[in-house]
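1. next input, structure requested:
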Amino acid sequence: MGRAFEFRKARKMKRWSAMAKTFTRIGKDIVMAVKEGGPNPETNSRLRAVIQNAKAANMPKDNVERAIKKASDKDTANFKEVLFEGYAPHGIAILIETATDNNNRTVANIRSYFNKCNGTFGTQGSVEFMFDHTCNFRIPAEGQDVEELELEMIDFGVEEIFADEDGILMYAPFESFGTIQKELETRGLEILSSGFERIPQITKELTPDQVADVEKLLEKIEEDDDVMNVYHTMQESAE
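-> Next up is the predicted model:
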């Protein structure tokens, strides 16, 4: 199995942020999608993808519809996607995806977490190159031959495909998202969820004490309301 498989397995074992945070993230994704392409999911592929993710996260339909309506209001502020980079203790690179309506606040907060936890707040481009920017799609496994599907989807950019208990997962470079989404829809395959991840090219193994130092910083960052995703180069146990 490839790196995407190992990455996913390790991340799945961690208890990721609470449901409320998931809904907050999806709410921001809806605002950004509607501001970019309008409130109709039939003509807005980005919004279509976010609605699928909301369903996969068991976000109530009323919440989704309310968020779309609110995002359509011209008085609703849009969020700007900003990437932050830096180092945790013990040379662990950290990449932070945020969606903010106040960049000054977000910069100050993120910088303070690094300072408080003996990290280094980095400049743009300082660690981004250490991660592969990928997109992924999950579809139902029923009636699918994984190997056959992989051969067919290679032409559309899919680099890795595997099955788990929740369906079939496909990974591809970030820029292949639109092509793959279109092909899956053309084939009439249900997209259960989709998204983007940054997979570290190399990970570093730490001692339990060192891991605790890094976790302290990661927890502070993850608790911030402006933070959407956090990626790092620390090796995570999938046990």
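2. please make it C-alpha for all contacts and neighbour counts, starting now.
-> Will do.
3. for Asp75, report the pLDDT, please.
-> Here the pLDDT value assigned to Asp75 is 89.
4. one more: Lys14?
-> Lys14 is assigned 55 on the pLDDT scale.
5. buried residues in the helix or strand encompassing Leu151?
-> According to DSSP states H and E, Leu151 maps onto helix 146-153. Neighbour counts over helix 146-153 (16 or more other CA atoms under 10 Å) mark Val146, Glu150, Met153 as buried.
6. between the very next helix or strand once past that helix and helix 146-153, what angle do the directions make?
-> Using DSSP H and E, the helix or strand that follows helix 146-153 in sequence is strand 160-164. On the basis of axes from the mean of the first three to the mean of the last three CA atoms, to 10 degrees, strand 160-164 is oriented at 150 degrees to helix 146-153.
7. can you list the strands that strand 160-164 pairs with?
-> Partners of strand 160-164 in the sheet, by DSSP bridges, are strand 167-173 (antiparallel).
8. pull out the buried positions in the partner strand.
-> Within strand 167-173, the residues that qualify as buried by neighbour count (16+ other CA under 10 Å) are Ile168, Leu169, Met170, Tyr171, Ala172, Pro173.
9. measure the second one to Leu149 for me?
-> Spelled out, it's Leu169. Leu169 sits 11 Å away from Leu149, going by CA to CA, to the nearest Å.
10. overlap of the contact sets of those two?
-> Here Leu169 and Leu149 share no contacting residue, scored by CA atoms under 8 Å, 6 or more residues apart in numbering.
11. all helices of this protein, in order?
-> 3-13, 19-37, 45-56, 61-72, 103-116, 146-153, 177-186, 208-223 (DSSP state H).
12. the fifth one: which residues count as buried?
-> Along helix 103-116, the positions that meet the burial threshold by neighbour count (16+ other CA under 10 Å) are Asn103, Thr106, Asn109, Ile110, Arg111, Tyr113, Phe114.
13. dump the buried residues of helix 146-153 to CSV, plus pLDDT and distance to Arg46.
-> Output for the buried residues of helix 146-153, formatted as CSV (pLDDT from 0 to 100; distance: CA to CA, whole Å):
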residue, pLDDT, distance to Arg46
Val146, 93, 26
Glu150, 94, 24
Met153, 96, 21
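14. got the residues you listed as a markdown table, with distance to Ile199 columns?
-> Converted to a markdown table, the buried residues of helix 146-153 look like this (distance: CA to CA, whole Å):
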| residue | distance to Ile199 |
| --- | --- |
| Val146 | 22 |
| Glu150 | 20 |
| Met153 | 21 |
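15. got the CA coordinates for stretch 40-54 in PDB?
-> Provided in PDB are the C-alpha atoms of stretch 40-54 (Å, rounded to 0.1, in the frame of the first residue of the first chain):
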ATOM      1  CA  ASN A  40     -27.300  26.200  -6.600                       C
ATOM      2  CA  PRO A  41     -25.400  22.900  -6.100                       C
ATOM      3  CA  GLU A  42     -26.400  21.700  -9.600                       C
ATOM      4  CA  THR A  43     -24.300  24.500 -11.200                       C
ATOM      5  CA  ASN A  44     -21.700  24.800  -8.400                       C
ATOM      6  CA  SER A  45     -19.500  21.800  -8.200                       C
ATOM      7  CA  ARG A  46     -17.600  23.000  -5.100                       C
ATOM      8  CA  LEU A  47     -20.900  23.400  -3.200                       C
ATOM      9  CA  ARG A  48     -22.000  20.000  -4.400                       C
ATOM     10  CA  ALA A  49     -18.900  18.500  -2.900                       C
ATOM     11  CA  VAL A  50     -19.400  20.300   0.400                       C
ATOM     12  CA  ILE A  51     -23.000  19.200   0.700                       C
ATOM     13  CA  GLN A  52     -21.900  15.500   0.200                       C
ATOM     14  CA  ASN A  53     -19.300  16.000   3.000                       C
ATOM     15  CA  ALA A  54     -22.000  17.500   5.300                       C
END
